[in-house]
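# Got a predicted structure plus its sequence, pasted below:
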Amino acid sequence: MDWRDEGIVLAARPHGEGAAVVQLLTRDHGRHAGLMHGGDSRSKRGIVQPGNLVDAVWRARLTEHLGRYTIEPVRHVAAQFMDDPARLAALSAACAVVEAVIPEREPHPGLYAATGALLDALSGGERDIWPAVYIQWELGLLHELGFGLDLGSCAATGETENLIYVSPRTGRAVSRAAGEPYRERMLTLPSFLRPDGRGGGADDADFAAGLKLTGFFLARHAFDPLDRGLPAARERLDVLISRSSESTESPSADC
């Protein structure tokens, strides 16, 4: 039993003498694990860094077996922004979330394509563009899991203007007027996700609000049923961007 596919490395964990169990998100075979001999060696460890694009051949005697990978590098993604902690954190978070919530060996070609677009944005997107792409990617993941949010109109009035909240109960947008009495319970709808602001970029404050929004629903719908919290890598991204947002908003102290 064997197949060949393109894939994105999600994780690689040491196994035995120099080998690694590698998790890939593949185009046609979904999230799929396999044993890579030498995967934890110095010469091959760089091939299976999370986020890398690879060409993989998987072989096993029976379909249900772990099987073995032969992996060749196509593109070293993380190496393109090693000096940017925020992009690296976003890359790690995306890989960790996919590994945790996507059932193994279940094809998700749409998610694979969207993740490839996210990697492109992380590699070459401007500072205010890639954060917006990341949040859109997590919204797409929620939709892929069957829990898409409705952000196009107000849940209470149907209007499409002045949408600034999201109801944590329904996952629907709420206008300023309708949500004002309940504002302390509401989630913030970032400006780049509003009907009149889609397509724009995201500053640190919008990025932080977007992470809170998608993180809330990922936790509720994807991780709570598994009795697990959000992955540590996703939490680190949230903390990093929240701190960056707070430092931007805080006035400089007088000397």
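Here it is on my side, so go on.

# remind me which residues of this protein are low pLDDT?
Filtered on pLDDT under 70, the chain yields the residue ranges 197-199, 249-255.

# what residue is smack in the middle of this structure?
Geometric centre of the chain, nearest residue: A94, 2.9 Å, by Cα atoms, centre = their mean.

# Domain map for this protein?
As recorded under automatic domain parsing, the domains making up the chain are 2-76, 85-151+189-249.

# Can I get these in JSON lines including distance to L163?
(C-beta placed from N, C-alpha, C; glycine too.) Below are the domains of the chain laid out as JSON lines (distance: least, Cβ to Cβ, whole Å):
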{"stretch": "domain 2-76", "distance to L163": "33"}
{"stretch": "domain 85-151+189-249", "distance to L163": "5"}
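
# SS state for D128?
coil (DSSP: H, G, I helix; E, B strand; the rest coil).

# Quick check: what element follows the strand or helix carrying F207 along the chain?
Element membership for F207 (DSSP states H and E) is helix 204-218. Scanning forward in sequence from helix 204-218 by DSSP H and E, the next helix or strand is helix 232-249.

# can you list contacts of stretch 165-177?
Residues outside stretch 165-177 that contact it (Cβ atoms under 8 Å, 6 or more residues apart in numbering): 147-157, 159, 161-164, 179, 183, 185-189, 194, 213, 216-217.

# in stretch 32-50, what's buried?
Neighbour counts using 16 or more other Cβ atoms under 10 Å place 32-37, 39-40, 44, 47-50 of stretch 32-50 among the buried residues.

# Looking at these, spot the one nearest D83.
Comparing the buried residues of stretch 32-50 against D83 with Cβ to Cβ places Q49 closest, at 15.6 Å.

# Contact partners for the nearest residue to that closest one once chain neighbours are set aside?
Distance criterion Cβ to Cβ, 6 or more residues apart in numbering; nearest residue to Q49, sequence neighbours excluded, is A78 at 5.5 Å. Going by Cβ under 8 Å, 6+ apart, A78 touches Q49, P50, G51, N52, L88, L91.

# pretty sure the first one contacts P73?
This points to Q49. No: the criterion here is Cβ atoms under 8 Å, and Q49 misses it with P73 at 9.5 Å.

# Please give the element, helix or strand, for the residue nearest to the centre of the chain.
Using DSSP H and E, the element containing A94 is helix 85-101.

# who does the helix or strand harbouring A173 pair up with?
Here A173, judged by DSSP H and E, is contained in strand 173-175. Here strand 173-175 has these sheet partners by DSSP bridges: strand 163-166 (antiparallel).

# how distant is the partner strand from the center of its chain?
Remark: strand 163-166 is offset 22 Å from the chain centroid, using Cα atoms, centre = their mean, to the nearest Å.

# swap in stretch 29-45?
21 Å.

# Equivalent analysis for stretch 216-224, please.
Relative to the chain's own centre, stretch 216-224 is displaced by 13 Å; criterion: Cα atoms, centre = their mean.

# Please apply the same query to stretch 210-227.
From the chain centre to the centre of stretch 210-227 is a distance of 12 Å (Cα atoms, centre = their mean).

# in it, what counts as buried?
Residues of stretch 210-227 classed as buried: G210, L211, K212, L213, T214, G215, F217, L218, A222, F223 (neighbour count, 16+ other Cβ under 10 Å).

# What are the contacting residues of that stretch?
Here stretch 210-227 makes contact (Cβ under 8 Å, 6+ apart) with 97, 100-101, 131-132, 134-135, 138-139, 141-142, 145, 147, 149, 166, 168, 171, 187-190, 192-193, 202, 229-230, 234, 237-238, 241-242.
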